[in-house]
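**Q** Curious how this folds, go ahead:
(one chain, ligands or ions: 2)
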Amino acid sequence: MTSILFATSEARPLIKTGGLADVSGALPAALREIGVDCRILLPGYRKVMDALPDLHEVARFHELPYFGNVRLLEGRIPVSETPVYVIDSPWHYLREGGPYQDALGKDFPDNAWRFGLLSYLAARLASPDSPLDWRPDLLHGNDWQTGLAPAYLHYAGHRTPCVMTIHNLAHQGIFPPEMVEELGLPPESFDISGVEYYGNLSFLKAGLYFADWITTVSPSYAEEIQHAHLGMGMQGLLTDRRDHLTGILNGIDTTDWNPAGDPHLNCKYSSRATPGKKGCKQALQAEMGLIADTDAPLFGVVSRLADQKGLDWVLQVSGGILDRGGQLVVLGTGEKTIETALRNLAHNHPGRVAAFIGYDESLSHRIEAGIDIFLMPSRFEPCGLNQMYSLRYGSVPIVHATGGLKDTVEDGVTGFVYREPNSHGLWVAIERALALFAQKPAWRKMMLAGMKQDFSWEKSAREYAALYDRLLT
Ligand code: ADP
Ligand code: GLC
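**A** Residues are numbered from 1 along each chain as shown. Ligands and ions are numbered 1, 2, ... in the order given. As a prediction, the model looks like this:
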């Protein structure tokens with residue numbers, strides 16, 4: 001049986017800031033279903049420690065160079081039962097705030113050590129120096145937070161194969177050059193053929209350089225990142241490595257996201273029995289203080305409020321949506337300027353626009369179910385999950401033709417895909433959607449086409465398993 005150590009900085013349901021957590025919660029479980037012994041390695045943040053009462057110690061590292069005393073605990077993720085190794089280092093992880101930032105949204109100043117430790121232990125557990133009986137055949141790292149792991153393995157002379165998955169190239173883990181030695185990497189590693197990136201240390205560059213294979217989370221994004229426009233400075237390296245780079249589309253958790261059995265909804269529905277969706281719309285309008293009107297096209301957004309997500313374009317078209325009798329509901333948290341603009345919009349249009357600034361998983365389900373049209377105008381989107389949740393919930397997505405959005409939504413069939421990267425492009429797509437919304441049978445046909453798509457994890461898990469097999473033979 002192939003064994004994989006899946007190193008990640010977040011995993012649902014323990015700790016989540018975005019899609020990486022959904023993937024880390026679901027992919028290892030899907031791999032286990034098809035016979036791969038996949039186990040997770042995760043930092044012991046407070047939320048993780050609190051959510052896993054049955055953790056027990058499996059190893060202890062004394063006076064670890066650069067990182068101090070650390071314990072390794074083992075437990076199982078609730079429900080999926082995926083085994084998880086948790087790094088118990090209170091000094092690094094047991095603090096208030098999120099996984100990367102303090103409560104005020106400022107990056108922790110010691111993130112290089114915090115994720116250097118995650119990378120270091122990932123490499124250690126994948127090497128012959130591991131204190132565990134269980135040894136993975138392959139190390140699978142995710143994003144910059146685990147990027148140094150392949151470098152640690154390389155400089156220790158170990159040859160365990162590594163896969164690095166890029167979930168978002170915008171975050172590169174860049175730190176000053178002094179950190180190379182502080183983190184126990186040899187001075188010669190600070191080189192273009194190593195961890196150096198434009199005069200600094202980059203965790204992500206290290207991972208992309210030393211991994212045996214690079215994956216990213218959609219075929220289109222795998223292509224886009226090889227060019228300057230979306231390569232974020234890594235396009236040269238990624239082009240050089242294009243024969244070792246593939247895009248594997250994310251799946252979605254079809255148990256969590258199932259309108260026929262969703263515990264967050266009062267009215268259930270499915271592609272065979274859709275009337276419940278109208279009840280969800282009424283309930284959402286009531287909950288969000290919107291005017292009760294099931295004929296009004298109800299638009300929705302659930303998103304991190306970051307520049308990537310194109311919420312400025314939504315703000316620009318919001319007047320047009322209201323002029324055409326539409327309503328808008330937004331759930332999100334992030335950059336303060338976007339939060340304020342959304343709050344103001346809702347304040348100026350009571351009963352027509354509702355903005356919930358915060359993070360609320362249950363509400364995100366009720367929005368996906370209650371709306372008619374989901375807006376996802378991301379400037380770039382490695383994969384994106386919400387457009388897939390929308391399809392499954394019969395909420396027609398309008399998306400920008402980028403990355404995973406264009407790989408999952410079929411223009412004119414399951415949703416609307418527009419090319420022009422600005423608010424005009426978005427508005428033209430909204431007008432097309434409103435025209436179709438007025439023709440009930442055609443609208444229903446599009447809803448049903450989306451609801452019948454299969455985005456379950458099994459297909460993606462099989463692609464990862466096939467990749468592991470190729471690298472191990
Ligand atoms: P990203 O990882 O770039 O944020 P994805 O679409 O891959 O984008 O994943 C975002 C995930 O986070 C989805 O599961 C989405 O439902 C969830 N999400 C984002 N913002 C919120 C919020 N404010 N409340 C609840 N869930 C949210
Ligand atoms: C990132 C990307 C998003 C992707 C998620 C999971 O956060 O921004 O597009 O769906 O990772 O892979």
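**Q** Distance check, the residue in the stretch 201-350 of the chain positioned nearest to ligand 1 against ligand 2.
**A** Relative to ligand 1, the nearest point of the stretch 201-350 of the chain is residue 304 (4.2 Å; Cβ to the nearest ligand atom). Heads up, the C-betas are built off the backbone N, CA and C, glycines and all. Distance, residue 304 to ligand 2, using Cβ to the nearest ligand atom, to the nearest Å: 8 Å.
**Q** Show the backbone phi and psi for that residue.
**A** Listed backbone geometry of residue 304 is phi -60, psi 140, with angles given as degrees, to the nearest 10.
**Q** Touching, it and residue 334? I think so.
**A** Yes: the criterion here is Cβ atoms under 8 Å, and residue 304 meets it with residue 334 at 4.9 Å.
**Q** Which one's more surrounded, the two?
**A** residue 334 (19 against 16; other Cβ atoms under 10 Å).
**Q** Tell me the spatial nearest neighbour of that one, not counting adjacent residues.
**A** Residue nearest to residue 334 in three dimensions, not counting chain neighbours: residue 305, with 3.2 Å by Cβ to Cβ, 6 or more residues apart in numbering.
**Q** what do you get for residue 306?
**A** Nearest non-adjacent residue to residue 306, counting by Cβ to Cβ, 6+ apart: residue 334, 5.1 Å away.
**Q** Surely residue 85 forms part of a strand?
**A** Yes: with DSSP: H, G, I helix; E, B strand; the rest coil as the criterion, residue 85 is assigned to a strand.
**Q** Contacts only, for it.
**A** By Cβ atoms under 8 Å, 6 or more residues apart in numbering, the contact set of residue 85 is 5, 39-42, 58, 72-74, 125.
**Q** Report the closest residue of the protein relative to ligand 1.
**A** residue 19 (2.2 Å).
**Q** what's the burial count for the residue nearest to residue 334?
**A** Quick note: residue 305 (other Cβ under 10 Å) scores 21 neighbours.
**Q** where's it relative to residue 410, distance?
**A** Between residue 305 and residue 410 the distance is 28 Å, computed by Cβ to Cβ, to the nearest Å.
**Q** Same question for residue 41.
**A** Look at residue 41 and residue 410: by Cβ to Cβ, they are 37 Å apart.
**Q** between the two, who's got more neighbours?
**A** Ranked by neighbour count (other Cβ under 10 Å), residue 41 and residue 410 place residue 41 first, with 27 against 16.
**Q** So that one sits against residue 9, correct?
**A** No: no contact is recorded between residue 41 and residue 9 when judged using Cβ under 8 Å, the distance being 9.9 Å.
**Q** and for the two, which residues touch both?
**A** In the contact map built from Cβ under 8 Å, 6+ apart, the residues linked to both residue 41 and residue 9 are residue 118.
**Q** can you pull the buried residues of stretch 20-32?
**A** For stretch 20-32, burial by neighbour count (16 or more other Cβ atoms under 10 Å) applies to 20-32.
**Q** For residue 274, give me its contacts.
**A** The neighbourhood of residue 274, defined by Cβ under 8 Å, 6+ apart, consists of 394, 444, 447-448.
**Q** I'd guess it is in a helix, am I close?
**A** No: according to three-state DSSP, residue 274 belongs to no helix; its state is coil.
**Q** coming back round to it: tell me the pLDDT of the residue of the stretch 201-350 of the chain closest to ligand 1.
**A** Here, the pLDDT recorded for residue 304 equals 96.
**Q** Let me see the contact set for it.
**A** 17-18, 332-334 are the contacts of residue 304 under Cβ under 8 Å, 6+ apart.
**Q** please redo it, this time with the cut-off set to 7 Å
**A** Residue 304 makes contact with 18, 332, 334, according to Cβ atoms under 7 Å, 6 or more residues apart in numbering.
**Q** Need the phi and psi values for residue 350.
**A** Residue 350 adopts backbone torsions of phi -60, psi 140, taken as degrees, to the nearest 10.
**Q** ok, now residue 64?
**A** Dihedral angles phi and psi of residue 64 (degrees, to the nearest 10) take the values phi -60, psi 130.
**Q** who does the strand or helix carrying residue 223 touch, helix- and strand-wise?
**A** According to DSSP states H and E, residue 223 maps onto helix 219-224. Here helix 219-224 is seen to pack against strand 245-247, helix 403-408 when contacts are counted using 3 or more Cβ pairs under 7 Å, 6 or more residues apart in numbering; DSSP states H and E.
**Q** which of the contacts of residue 85 are close to ligand 2?
**A** Of the entries in these, not a single one is placed beside ligand 2 under the rule of Cβ under 6 Å from any ligand atom.
**Q** Most neighbours among those residues, please name it.
**A** Each of the contacts of residue 85 was scored by neighbour count (other Cβ under 10 Å); the top score is that of residue 5, with 29 neighbours.
**Q** beta partners of it?
**A** Listed beta-bridge partners, residue 5: residue 39, residue 139 (assigned using DSSP bridges).
**Q** Right, I'll leave it there.
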